[in-house]
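Chemist: Quick one, fold the following:
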Amino acid sequence: MKKIKYLDIDRDTNVYVVGDIHGCYSLLIHKLQELKFNFNKDILIGVGDLVDRGSENELCADLINQHWFTTVKGNHEDFCVQGFSNNYIARCHVASNNGGDWFYDLDDHKQEQLANQFSQLPILLEVNYCNRKFGFVHADLPIHDWNILKENINNKINDRDIEELCLWTRDIVYRQNINIKNIHNVFLGHTVLPKITQVGNCTFLDTGAVFYSKKDTNHLSIINLRDYI
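Modeler: This next block holds a predicted model:
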């Protein structure tokens, strides 16, 4: 697995970023239609957690095969990867607050297929767009310099893998301000917030769509990257 992915996107392309989808495929498509998203020309970037808790998980998992979509790995994708071969993690994954039952209801071949696909998702995504460099990571930035974080993605901090911290912790979201060096803006999810929240040059996009009416697109946050240039 390549833990860092790089994309150069033409300035004429419309680029959107979506918060945690969590199995709400129909809601996502409805929201994209509201935004007049062009499935032939536009790009949608996810901040992880495509699956679990919602009811359309296989459809959401298949987003990673669509030419118009790309994403970083979330902790719920990692639940699938780890839970496939680890019974203890599988038991945690199916807990009611995690919503992973759907995965273990699949046959072994399909579980393995999805686990393998999810294992290939990057931890960090770097996008060059309109002469700006944007970063994407699911949960947190344990190192506050994008370049140094990239250099150390395979290392540890206080005996914890930096990759794990990027998927699970919540340090930055509770800061009053933060500046991640060597990146214009970073987009994250993971922590459910009442609205899109800006902390320094970090934008948190998980506004808890899965916990609301599946017809209410207001709680599935999608931004246009042009607004952050």
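
Chemist: Would you tell me which helix is longest in this structure?
Modeler: Identified as the longest helix of the chain according to DSSP state H is helix 108-119.

Chemist: quick one: the strands in this structure?
Modeler: 4-9, 15-18, 43-46, 69-71, 124-129, 132-136, 156-157, 160-161, 185-188, 197-199, 202-204, 222-224 (DSSP state E).

Chemist: can you put the ones you listed in CSV and add distance to C24?
Modeler: Where C-beta positions appear, they are placed from N, C-alpha and C, glycine not excepted. Compiled in CSV, these are given as follows (distance: least, CB to CB, whole Å):
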stretch, distance to C24
strand 4-9, 24
strand 15-18, 10
strand 43-46, 12
strand 69-71, 15
strand 124-129, 21
strand 132-136, 20
strand 156-157, 33
strand 160-161, 29
strand 185-188, 19
strand 197-199, 20
strand 202-204, 18
strand 222-224, 12
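
Chemist: between those, which gets nearest to Q33?
Modeler: With CB to CB, the closest approach to Q33 among those belongs to strand 222-224: 11.5 Å.

Chemist: now the strands of the chain as CSV including mean neighbour count, mean pLDDT and distance to V173?
Modeler: Compiled in CSV, the strands of the chain are given as follows (neighbours: other CB atoms under 10 Å; pLDDT from 0 to 100; distance: least, CB to CB, whole Å):
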stretch, mean neighbour count, mean pLDDT, distance to V173
strand 4-9, 14, 98, 22
strand 15-18, 23, 98, 16
strand 43-46, 23, 98, 18
strand 69-71, 21, 98, 19
strand 124-129, 20, 98, 17
strand 132-136, 20, 99, 15
strand 156-157, 12, 98, 18
strand 160-161, 14, 98, 18
strand 185-188, 24, 98, 8
strand 197-199, 15, 97, 6
strand 202-204, 23, 98, 6
strand 222-224, 16, 98, 17
